[in-house]
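S.K.: Predicted coordinates and the sequence they were generated for:
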Amino acid sequence: MNPVTDFRQLAIGVFDSGLGGLSVVKELRKVLPHEDIIYFGDTARLPYGSKSPDTIRKFSKENTRFLLDRGVKIVVVACHSASSVALSDLEREFSLPIIGVLYPAASSAVKKTRNKKIGVIGTHLTIETGTYEKIIKSLDAQVEIIAKPAPLLVPLVEEGWVKNSITLQILKIYLEPLLKEKIDTLLLGCTHYPLLKPAIKKIIKDRVNLVDASLETAEATKKLLLEKNLLNPQKSQGKLKFYFSDLSPQLYLIARRFLGFELKEVIRASLSE
Ligand code: DGL
């Protein structure tokens, strides 16, 4: 643990199954430029979206512990798959504030919908747990939710195929059943989907509102830090530190797509250390 006594000066901890959570870091950087951020991407054990809830709960606890040991004041669970199964366990087990991506995204979707029909796409795990439905229903019981897994989008984004005609075709296959149900709001329930916004907009036109969970989570994190009086008082730009459990040769290239800038230094992390 860092020898800092003022908790406000500790970093924001963010974890994800891999690189997609960097889309949340990008937005955190915009709304909280003076905050230090420690990121952990579990690249050795991804993907999370096709694993079982028990395994992802175990990984999420280890990831949270890893961040805690590096001195953080809050943990942002940037991964939808992890947020959908592990958030309540993490809140029970750890005493620091923990924020997931589902609640901020769900509340934005509920605010945006007019006809009370919300579409949600995400990994198999995120959709099959039904956690988005539960949260949306708890916010407005009248809302109808049409949720579909869209697992092929993760590898397409990592490959940089965000404008490709094949990607557009796949998106159409995933989105048409939701459009048929006349959704007026589409929640992007996976770290990777914000990169597909231009392609998705081509299909949904301006008939459907888009909810980008990375933006909503960054705003919600700012609000929570404010409420808890945990905003970093420093005036300089916050420092970033990136840990990954595996360093593949493509890591820098993929990270750049999510972050919008080059990762300068990354640290290979071992969870058992
Ligand atoms: N980060 C995951 C999520 O948001 C997507 C990638 C994975 O399946 O690990 O659900």
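M.R.: Noted; the coordinates are in hand. Numbering: from 1, shown residues only.
S.K.: Next up, the contacts around the residue of the chain found nearest the ligand.
M.R.: Closest approach of the chain to the ligand (CB to the nearest ligand atom) occurs at G49, with a separation of 2.8 Å. Any C-beta I mention is one placed from the backbone N, CA and C, and that applies to glycine too. By CB atoms under 8 Å, 6 or more residues apart in numbering, G49 lies in contact with S17, H80, S81, G122, T123, H124, L125, T126, P151, V154, C190.
S.K.: backbone phi and psi for it, please?
M.R.: Backbone torsions of G49, given as degrees, to the nearest 10, read phi -70, psi -10.
S.K.: quick revisit: out of the contacts of G49, list just those in helices.
M.R.: Cross-referencing those against helices under DSSP state H gives H80, S81, H124, L125, T126, V154.
S.K.: I figured the fourth one hits Y48, correct?
M.R.: Yes. In this structure, L125 is within contact of Y48 by CB atoms under 8 Å, at 6.6 Å.
S.K.: near the ligand, which residues of the stretch 151-273 of the chain show up?
M.R.: Counting by CB under 6 Å from any ligand atom, the stretch 151-273 of the chain comes close to the ligand at V154, C190, T191, H192.
S.K.: State the number of residues packed around the third one.
M.R.: The local packing of T191 (other CB atoms under 10 Å) involves 31 other residues.
S.K.: List only buried entries from the ones in helices among the contacts of G49.
M.R.: Neighbour counting by 16 or more other CB atoms under 10 Å classes H80, S81, L125, T126, V154 among these as buried.
S.K.: so where is the stretch 151-273 of the chain shaky, pLDDT-wise?
M.R.: For the stretch 151-273 of the chain, the stretches with pLDDT under 70 are 272-273.
S.K.: related to what we said a few turns ago, any residues in contact with both of L125 and Y48?
M.R.: Common neighbours of L125 and Y48 (criterion: CB under 8 Å, 6+ apart): I56, S81.
S.K.: Farthest pair within the residues of the stretch 151-273 of the chain next to the ligand?
M.R.: The span of those, defined through CB to CB, is set by V154 and T191 at 8.5 Å.
S.K.: on contacts alone, who are the packing partners of the helix or strand that V25 is a member of?
M.R.: Using DSSP states H and E, V25 sits in helix 22-31. The contact analysis (3 or more CB pairs under 8 Å, 6 or more residues apart in numbering; DSSP states H and E) places helix 22-31 against strand 11-16, strand 37-41, helix 213-227, helix 251-259.
S.K.: Next, the residues that contact the third one from outside, please.
M.R.: With contacts defined as CB under 8 Å, 6+ apart, helix 213-227 is touched by 12, 23-24, 26-28, 30-32, 35, 73-74, 76, 78, 80, 97, 99-105, 107-108, 187-189, 191, 194, 230-231.
S.K.: The first one too?
M.R.: Applying CB under 8 Å, 6+ apart, the contact partners of strand 11-16 are 21-22, 24-25, 28, 32, 35-42, 60, 63-64, 66-68, 70-79, 82, 191, 221, 225, 238-239, 241.
S.K.: could you flag which of these are buried?
M.R.: Members of those classed as buried by 16+ other CB under 10 Å are 21-22, 24-25, 28, 32, 35-42, 60, 63-64, 66-67, 70-79, 82, 191, 221, 225, 238.
S.K.: Now do the helices in the stretch 151-273 of the chain.
M.R.: 153-158, 165-180, 197-204, 213-227, 251-259 (DSSP state H, counting those that start in this stretch).
S.K.: Can you give me the buried ones in the longest one?
M.R.: When neighbours are counted by 16+ other CB under 10 Å, the buried residues of helix 165-180 are found to be T167, L168, I170, L171, Y174, L175, L178, L179.
S.K.: Turn the helices of the stretch 151-273 of the chain into a markdown table, including distance to R268.
M.R.: A markdown table is the format used below for the helices of the stretch 151-273 of the chain (distance: least, CB to CB, whole Å):
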| stretch | distance to R268 |
| --- | --- |
| helix 153-158 | 20 |
| helix 165-180 | 31 |
| helix 197-204 | 32 |
| helix 213-227 | 25 |
| helix 251-259 | 10 |
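S.K.: what's near enough to touch the most centrally placed residue in the chain?
M.R.: By CA atoms, centre = their mean, the chain has its centre lying nearest to A78, at 3.2 Å. Applying CB under 8 Å, 6+ apart to A78 gives the contacts V14, F15, D16, G20, G21, S23, V24, V25, V101, T191, S214, T217.
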